[in-house]
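Engineer: Predicted model and sequence below, questions to follow.
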Amino acid sequence: MRLLVVEDDPDLNRQLKTSLSDAGYVVDVASDGEEGHFLGDTEPYDAVILDLGLPQLDGVTVLERWRRDGKMMPVLILTARDRWSDKVAGFDAGADDYVPKPFHMEEVLARIRALLRRAAGQATSEFECGPLIVDTRSARVTVDGNAVKLTSLEYRLLAYLAHHKGRVVSRTELVEHLYDQDFDRDSNTVEVFVGRIRKKLGLNVIETVRGLGYCLDDPPDAT
Ligand code: CA
């Protein structure tokens, strides 16, 4: 899953990027409202963390513009603790959730997981597919209860498919959600990664849909 962080405080910006990357997400960052708005407008993010007090363009305006242009990604806003009016303005502009500053990083991570699973129509942070479980809380994957060791990229790919279970995801879409904006993207590598994941899982849950992409679904023999 690919996230955008728009935060002008350099320390906080760095902390968010580090923690979210460690949690298995691809993270792009912006440090002002203009840049943040541009990225959210042009890149496909699965969720956004948006500070409200930003230089160039404030967070509420950024959010209003995205929503006016039909951008539907979940947005978590960062607000000052004592400013209830900020929260109201943020929600009215189209925010899905908020975290007051200062915050514990664990809370941000939990709220992002919740936004992503809600967007995927999931009730819990564990995505099940037959004997396969993708636990987005610990970024761990098990098959029949046995841990499967995946690289961070393989995990991201599998987690993205799990968030879109039952839907065919094109290679282009996968690439867009697996790498950050600076990566030299080559959609052919996706095939290689899918092959490795299949081998490690030892399960037939990722189907190749010729000419269209990949689909994660329950194995045929699952009841
Ligand atoms: Ca700020």
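Structural biologist: Everything's here; your move.

Engineer: and the protein, what are its domains?
Structural biologist: 2-119, 126-216 (automatic domain parsing).

Engineer: ok, the residue in the chain positioned nearest to the ion to residue 126 distance?
Structural biologist: Closest contact between the chain and the ion, by C-beta to the ion, is at residue 53 (3.7 Å). In this view, the C-beta of every residue, glycine as well, is placed from N, C-alpha and C. The gap separating residue 53 from residue 126 is 36 Å, by C-beta to C-beta, to the nearest Å.

Engineer: And for residue 159?
Structural biologist: For residue 159 relative to residue 126 (C-beta to C-beta), the value is 12 Å.

Engineer: Mind pulling the model confidence for residue 100?
Structural biologist: You'll see residue 100 listed with a pLDDT of 94.

Engineer: Pairing partners for it in the sheet, please.
Structural biologist: Here residue 100 sits in beta bridges with residue 79, going by DSSP bridges.

Engineer: if I read this right, it contacts residue 79, doesn't it?
Structural biologist: Yes - Residue 100 is within contact range of residue 79, at 5.4 Å (criterion: C-beta atoms under 8 Å).

Engineer: any weak-confidence spans in the chain?
Structural biologist: 221-223 (pLDDT under 70).

Engineer: repeat that with 80
Structural biologist: Scanning the chain for pLDDT under 80 picks out the ranges 81-82, 181-188, 219-223.

Engineer: need the residues of it near the ion, please.
Structural biologist: Applying C-beta under 5 Å from the ion, we find that the chain lies next to the ion at 8, 51, 53.

Engineer: which residues in the chain form strands?
Structural biologist: Using DSSP state E, the strands of the chain run over 2-6, 26-30, 47-51, 75-80, 97-101, 126-129, 132-135, 140-143, 146-148, 206-209, 213-216.

Engineer: out of those strands, which comes closest to residue 180?
Structural biologist: strand 26-30 (5.2 Å; C-beta to C-beta).

Engineer: What residues does residue 206 make contact with?
Structural biologist: Going by C-beta atoms under 8 Å, 6 or more residues apart in numbering, residue 206 touches 161, 194, 197-198, 214-216.

Engineer: That should have said residue 180, apologies.
Structural biologist: 2, 26-28.

Engineer: now with 7 Å?
Structural biologist: By C-beta atoms under 7 Å, 6 or more residues apart in numbering, residue 180 lies in contact with 26-28.

Engineer: which one of the residues you listed is nearest residue 42?
Structural biologist: residue 28 (10.8 Å).

Engineer: Which residues does the closest one form beta bridges with?
Structural biologist: Bridge pairing for residue 28 - DSSP bridges - gives residue 4.

Engineer: neighbours around it, how many?
Structural biologist: For residue 28, the count of nearby residues is 21 (other C-beta atoms under 10 Å).

Engineer: Okay, it and residue 117: tell me how far apart.
Structural biologist: For residue 28, the distance to residue 117 - C-beta to C-beta - is 21 Å.
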